[in-house]
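>>> just need the structure, nothing else, for what follows:
(chains A, B and C)
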Amino acid sequence: MNTPLDNIRTVFPNADVWTQRQGLYHMSIPKEQLVALVTHLKEVEGYLHLVQLTAVDWIEKNLFQLTYILNNPIKKIDVMVKTFIPRDNPTMETIHHLWEQAATYQRELREMFGINFPGSPRVDKPFILEGWDDIPPYRRDFDTKKYAEETYFPRPGRETNDPKEYMKKKLYPDEI
Amino acid sequence: MKFKDIFKIKEDRSLYPPLNSEGKIDVDLSSHKYVKLWHGPQHPGITGNMSLELTLLGDEIMDCETHVGYLHRGFEKLMERRKWIQCFPIVCRITVPEPDYNEYCFAAGVEELAGIEIPETAKWLRTLTLEMARLQSYLMWIGGQAGSLGMGIVGQWSNYCRDLVLDRFEELTGGRIYHMYIIPGGVRGLLPDGFEKRMEETLKTIEEFMVDIDKVMFNNAVFKKRTVGMGYIDPKWIYQFGITGPNARAAGIPDDIRKKYPYLKYPELDFEPIVGKDSDIYTRADVRRRDLLLSVDLIRQILAKMPKDGDFKAPTPNVLHWQIPAGETFIRSECTRGEFAYYIVSDGSEYPRRINVRGPSYTHAVALLEKMIINTNLADVAGLMTSLHTYPPEIER
Amino acid sequence: MARIKDIISPFTAWKNVVKEPVTIKEPLKREAAPRYRGFHKNDVDTCIGCGTCESICQNAAIDMVPVEGIETKNGDSGLRPRIDYGRCCWCALCVDVCTTGSLSMSNHFKWVDSDPDVFRFIPGVDKKEWDNEPNGYKKPGPNYELYSKERVHMPELKPEERDKSFIEIVRGYSKEQAMKEADRCVECGICVATCPAHMGIPEYIKAIRNEDLNEGLRILYDTNPLPEVCGRICTHKCETVCSVGHQGDPLSIRWLKRYIADQNPAENYKKILETENITKNGKRIAIVGSGPAGLSAAHYLALMGYECTIYEKLPLPGGMMRYGIPEYRLPYEALDKDIDYIKSLGVEIICNVTVGKDITLDELHQQYDAVFVGTGLHVGRSTRIPGTDHPNVYQAVDLLREVTMGKEIPATQSIVVIGGGNVAMDITRTLARIQNQRYGKVNIITTSLESENEMPADREEIIEAREEGATIIPGWGPVKIEIENDKIKGLHVVKCVSVFDENRRFSPKFDENQTNFFAGDMVVESIGQGMDLSYLPESVKDNLKLDNRGRIVVNDYFQSSVNWLFVGGDIIQGPDVIHGIANGHKAAIGIDKFIKSSMKS
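Next up is the predicted model:
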């Protein structure tokens, strides 16, 4: 399919581009070329606005997906640039030199997912969590329910019954 | 320091210690030349629970660090443990004063991934609630902006007006603050009988009060003195810092998502984005005041154009085990503070894989504020902050 | 420099000094909007305790708790929601999802108390001042649903496509239809108690949603070894209590079961059900009768390692499933699929052997470790009205049996059928087809004591019989068969006013002034079946405990007072396939217990 991003393919043959809907495109690229691609998009293609930078934990594949949502304010196009990095000891190049707010995003990702961005300002400083000593909490393997049960105590007097089991207990306790 | 020096547009660090590698200042407090001051988290001039760690030279701010986390409830993580429908009562809590943008972005994202087209009436009702949310959020802000500069009376008027809008919300949605009205698939009810009439009365009252507020706040020598030329945002920073909404429009960038990336029924409404040019606190306040009046106008247009009956919810699969097809999407809307967006990832299961919220305050209150605040006077910090219109809950989600 | 106007203008605020304050004078008396999501109300008599409110609550604020005075019974768990206002967020999803519509909200929002525990309450049970408040949030209507209330339409042959042939009418769900129907389930599990076999209904419906039909089959076989049969002709009591049915169509549980069975090919059964290697325990069980009870007992005994032999009087196994239910409802291939799988477990079925004649029960007792009899109800009952001794008066079960055996059965040009149950419908529709084949038109009148709404036959049976040309006239009691010159002329009937007395006991009352005459030259009786226990030898009969109505007394495991003899199926509890299956399953467990205990002693 022809997209306004087709010319990216000539510059970045490794980039995979597909369309979601009018004005929203996806792009996937190996980790090493990501910063080059994002820089190209910003400086050459006019994707001036960094809307969002976030991560998705694909724990089954042992990967983190990093999503950079960029916006071209002139052409009114959004592109989701994605890359996958290994979950073990995750590190990514910083883009704070391109957008000032990226440092904040990266600081949050460092804190919530444990993804390091060497060179990003204050990246090791706690952002939201102060004095956190567990694993980064937005990772899929951090169990919020277990944490809540260990950290807080339940209010006494709460008990519930499953209708199916309760009816069995009441109406046919001995049957299979 | 001379009075006019406060209005410096260019950063002047000539009197400050040098920046370290992280772009911050290391100060030796025992030298007694500098003061560290915590502005918040319980400060009436702060919008919500956040705090600014200020380093002062005299009463001039030479360094600032934004601290958030006082409101962190881990919504994004909570949603990963809940079924899609169970996220619906949660999302509104991400931004207390205007929950509807959360509800809309979440619902629209789910609908896009699930391939659901919502009924026309639902689209109109959604547009209506989003505009009502804008109206009441601006009314709350205007009180904060005035209050942070010492004008308590404006806050009393505007909050009275806001209460009237909340009354309308109450009869339309069943809730005053958390409306839980825009449900994936549509909305939860039609307009109640006589709603238009009562809404019109409310809008008239607001317009009357806005005339008073204009006289007392915008045409006030003190207010002008403290805001004109103050808190300048350089248009060059707009994309550099990810500035959106009235903060960007006051700098002359006519980007209004309602117009630029039209959603719901905005293409059928007649309006132009409100733009300012001076990019100082006063201009931003004025842009918001005019945007507020635009909302009043839009609500009138919506009520005149919208159908009053018909289906308001599309059929959805059983919400108790609704599996959203795998995929990811990005939904944005224009809230009072700027670009409000949801990034939703589904792995095809009954639970969201990841929902990430882009609150405009995220960029405004941290990177931008830390830059803007340098060289300002301590007494102006509160006014400057409110002029960025930040809500901490959407920073930490 | 500041303009003078800007200095004066703020002073206009002083005009408010003379204005009336806008504050609400008595804020505590302010009434919330009619739609306000305030404190919960629950109509406990309508509520069935399905717990759907609990499942949707994202705050885990709702517990399902027993309530004094509310009994656990079919279709009502006896539980009621208790809401913890320390957790509730008043989103009202519980109201929207409530299957019965019993849950709603008032617009009350003030409740002050110093004891935090009172804020955990059972709406409707713990009396509150807002219980009768008409205002407050209710589920918005119309067309606002969180799940579909409409059943997915089952494709069926049209009347004109089916009225001459015996091919199956119901086509079965496609994958999409089954997924869509399965999606409607709210997984409350209220149905499980009502199903005689207590099948894992929510679980197998979930397996359809998850597209895991192998798992679905495993769940079916946990409690039911005849899913192809039950998927077609089960009386589906589960559907009558389905919580979704309270405000919409109940789940099509029976068709979904059939979908699972139909979609799994017979040759994969043993692999899916992990029955390729069964360790035999060397014990032998004889089973008399190859109906649902006997097959079910054989299946579960075979899984436990017993060697089972089924003795069947008729040429082919299946009992009433084959010889009673017409092929258009239950095709023989479907029945054979279930039976063949049971056979593949090592169950031997010996047909054309009548126990009591070809082999005695005593002989079976000597050759086997235990005996299970499930010989069913095969003898048609007569109305015994004058004229029933005429050769052209037939019993429905006899005719149905002969149709299956491929015999030419008598079907004249105009027939009167007496009876309002499913067997009556079966014979009506069978005869209608034969009339259609032979004469090209249908002329059959079926009459029953019961009125239209009381007729025990399934609703769709009645509708379909009418579609196929039969005339069904309920509410008449047979009086006499009119015979002229040895030929039947028709049936005299009187109006039946009521069938049951106030204790729901059978005690028909008639209005003798209202009479009617249904013309016909052949009469078929279908008012019920009795059992034939003549195969029981005297030695057994002497020790067998019977109740005051002449039925064999059995314990919870269907063991009779003769300890090696287990009895189940229609002769104990029925007539109904699913009860037979449940009986057989339980008897199998009882037999296992019996043999293990006798080995110990």
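
>>> can I assume residue C:205 sits in a helix?
Yes: with DSSP: H, G, I helix; E, B strand; the rest coil as the criterion, residue C:205 is located in a helix.

>>> next, count neighbours for it.
Here the number of neighbours of residue C:205 (other CB atoms under 10 Å in any protein chain shown) works out to 27. The C-beta positions use only the backbone N, C-alpha and C, and glycine is treated the same way.

>>> go on, the one 3 residues further on?
By other CB under 10 Å, 24 other residues sit near residue C:208.

>>> so it sits right up against residue C:216, yeah?
Yes: with contacts counted by CB atoms under 8 Å, residue C:208 reaches residue C:216, the gap being 6.0 Å.

>>> wait, what's in contact with residue B:38?
Contact criterion CB atoms under 8 Å, 6 or more residues apart in numbering or on different chains gives B:51-54 as the residues in contact with residue B:38.

>>> so what's the most centrally placed residue in chain B up against?
Closest to where the C-alpha atoms of chain B average out (CA atoms, centre = their mean) is residue B:337, at 3.1 Å. Shown in contact with residue B:337 (CB under 8 Å, 6+ apart): B:244-247, B:359-361, B:364, B:389-391.

>>> what do you get for residue C:143?
B:311-313, B:315.

>>> let's verify it: helix, strand, or coil?
State at residue C:143, reduced to three classes by three-state DSSP: coil.

>>> ok, back up a step: so can I have TSV of the contacts of residue C:143 showing secondary structure?
Putting the contacts of residue C:143 into TSV (three-state DSSP) gives the following:
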residue	secondary structure
B:311	coil
B:312	coil
B:313	strand
B:315	coil
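
>>> up against chain C, what does chain A have?
A:155, A:157-168, A:170-172, A:174-176 (CB under 8 Å from any CB of the partner chain).

>>> could you rerun that using 10 Å?
When proximity is defined as CB under 10 Å from any CB of the partner chain, chain A approaches chain C at A:155-172, A:174-176.

>>> so for chain A, which residue is the most central one in space?
Centre-most residue of chain A, counting by CA atoms, centre = their mean: residue A:55, 1.6 Å.

>>> if I look at that one, how far off is residue B:66?
Plainly put, residue A:55 is 22 Å away from residue B:66 if you go by CB to CB, to the nearest Å.

>>> before we move on, back to that, among the contacts of residue B:38, who's most crowded?
Using other CB under 10 Å as the contact criterion, the top neighbour count among the contacts of residue B:38 goes to residue B:52, which has 23 neighbours.

>>> hmm, the host helix or strand of that residue touching chain A?
Take DSSP states H and E as the rule and residue B:52 turns out to sit in strand B:51-57. No: legend: contact between strand B:51-57 and chain A by CB under 10 Å from any CB is lacking; minimum distance shown is 11.4 Å.

>>> out of the contacts of residue B:337, which comes closest to chain A?
Distance to chain A across the contacts of residue B:337 (CB to the nearest CB) is lowest for residue B:244, with 8.1 Å.

>>> now the closest one, what's its secondary structure?
coil.

>>> need the contact list for it.
If a contact means CB atoms under 10 Å, 6 or more residues apart in numbering or on different chains, then residue B:244 has A:49, A:51, A:71, B:238, B:253, B:255-257, B:332, B:334-335, B:337-341, B:358, B:360, B:363-364 as its contacts.

>>> hmm, residue C:364 is touching residue C:288, no?
Yes: the pair residue C:364 and residue C:288 qualifies as a contact (CB atoms under 10 Å) at a distance of 7.4 Å.
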